[in-house]
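Asks: show me how the following folds:
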Amino acid sequence: ILLIVVRNLERTLKKKKMNPSSIANKYKDLDINALRERAQSMIDNFSEDGMLSELSAYTFSNWRDEYLSMHGEDSLTYTEEAFDDKEEEENDHMQDEPTEPVRMIAKNLKPVSKRDPSTTLTIAIPGSILEKQKHDALASFVASQIARAATIYEVDEIVVYNEHPVEQPVKFDEFIGSSDQSSRREHTQDPNVLMANLLYFLDTAPYLRKSVIPHIPDFSNAGVLSPVLAPHHGQTQAIGKYRQGVLINENEAFVGLKHTVRVVDADQHELKPNTPYMFKFVKDEHRVIVSSKEKAKAKGMYCGYSVRLVNGLSEVWSGCPFEEGYDATFGTSERGTPYEHIHSCLPPFRHALIVFGAPDTGLREAVQNDAKAFSFPKQNNGNPAHLFNFFLNVCPNQQSSTIRSEEAVFITLSQLSGYLDGNKAPNVQLPVFNPLLQQDSSSSSPSN
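Replies: Got it, this is the predicted structure:
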């Protein structure tokens, strides 16, 4: 950044025949040569590590405006004198600079997923965590933090479960992912529905929300939502990339560009209007084909998460969209086993599941409220640890009395990220423990 500032400054001085000494007198501590050498070294080091994403030039006019705001108009003196020969020689080594802002692109700018595309990661969270927020705006912010954690750590599915399936059943007809809500004019009173709606909203590309998301009071605090900036939201316009879009007529789609694109294979698919689909550019930026999240994932591109709303903890397993089921399940609790004690013996998986409980009640209350759907050996007394292959405590040395749910999601996914990224799907089907299946009192529970 410093190098860009200096180069623009030198070019502007030379172009306008401005006397550099008039600026140097006001800004004596600025050593141009030392500054350039230091900046060039910083740029080289950062570029080698692929840490730079994109740098826009900080033009001299911007610098001048800030300088004048501090020192006044009289602080700069313009002259018609040209640079002397010595100054011209010093600048001869500089190549002609482009007039447009300088842009530097890192080598590793494209986000490429390291995860095995044949594996999936699901997290389950209770919607009741929004019920404990004092204001609707705080509830919306908490949901956006969970969405950001899911996007950062490549979560494929988020399951929102109801902690009280009998006393307060979920109002599925208010979930925008399963029914039309365009006519609803009241804010939902179900925290589970609110959580699911906010997560669905955040996974939808911003340029599609006006056409896909109904205008309902649930999103009245959308201004406080932290954007997830997922790859499929179309941060770049590159041919061969995937973008989320909607069909606007028989063979045209809107994918967030200034122009519409032609769907080459629209007649081969039954596409519905106002429904988001994945499209892939072909040949140029005006033609696309219908694709899917799975195909994009196979190419190393993460394309967001799906949202599933269920009425109880047991339905997390019973509604599993994968025929094989979840073959690696993790429960989180302060009473669990520290992660560092078991990280070396974690098995490979195809479909992993991580379940979080509410901050004040944990998983035990959710299990007790849905106990008839589970079949525990009598001696377990409804202990939630026996629902999972591993019962984890990812922060054993916590000094706060409780860890907030959105914090627990970040901490857990961060701890498990090395295991999740390095996992390779096994060649054979591993035994799957399903807590919904009947168990004998003599049967053994999964090892913790």
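Asks: what about the stretch 1-150 of the chain, any weak spots by pLDDT?
Replies: 1-6, 12-112 (pLDDT under 70).
Asks: kindly recompute the last result at 80.
Replies: Applying pLDDT under 80 to the stretch 1-150 of the chain picks out residues 1-114, 132, 134.
Asks: please apply the same query to the stretch 251-400 of the chain.
Replies: 266-267, 273-274, 283-285, 371-383.
Asks: and the strands in it, which stretches?
Replies: Per DSSP state E, counting those that start in this stretch, the stretch 251-400 of the chain carries strands over the ranges 252-254, 261-263, 277-282, 284-291, 306-310, 328-338, 351-355, 390-393.
Asks: which one of the ones you listed is the most hemmed in?
Replies: Each of these was scored by mean neighbour count; the highest is strand 351-355, a mean of 25, by mean count of other Cβ atoms under 10 Å. All C-beta atoms are positioned from the backbone trio N, CA, C, and that covers glycine.
Asks: and that strand with strand 328-338, angle?
Replies: 40 degrees (axes from the mean of the first three to the mean of the last three Cα atoms, to 10 degrees).
Asks: note down every partner strand of strand 351-355 and its orientation.
Replies: strand 120-126 (parallel), strand 328-338 (parallel) (DSSP bridges).
Asks: gap between the two ends of stretch 415-434?
Replies: End-to-end distance for stretch 415-434, by Cα to Cα, to the nearest Å: 25 Å.
Asks: list the contacts of the helix or strand where V142 lies.
Replies: Element membership of V142, judged by DSSP states H and E, is helix 136-152. For helix 136-152, the surrounding residues in contact (Cβ atoms under 8 Å, 6 or more residues apart in numbering) are 123, 125, 129-130, 133, 155, 158, 187, 191, 194-195, 198-199, 202-203, 220-222, 224-226, 228-230, 302, 304-305, 404-406, 409-410, 413.
Asks: now, these that are in strands?
Replies: Filtering the contacts of helix 136-152 for membership in strands, criterion DSSP state E, returns I123, I125, I158.
Asks: can I get those in TSV with distance to A253 and neighbour count?
Replies: Compiled in TSV, these are given as follows (distance: Cβ to Cβ, whole Å; neighbours: other Cβ atoms under 10 Å):
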residue	distance to A253	neighbour count
I123	31	25
I125	33	25
I158	26	24
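Asks: to Y277, which of the strands paired with strand 351-355 lies closest?
Replies: strand 120-126 (20.0 Å; Cβ to Cβ).
Asks: just the CA atoms of that closest one, as CSV, please.
Replies: Extracted C-alpha coordinates of strand 120-126, given in CSV (Å, rounded to 0.1, in the frame of the first residue of the first chain):
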residue,chain,number,x,y,z
THR,A,120,-20.7,-33.6,4.2
LEU,A,121,-20.9,-31.7,7.4
THR,A,122,-24.1,-31.0,9.3
ILE,A,123,-24.6,-29.0,12.4
ALA,A,124,-27.8,-29.0,14.6
ILE,A,125,-28.7,-26.0,16.8
PRO,A,126,-31.7,-25.3,18.9
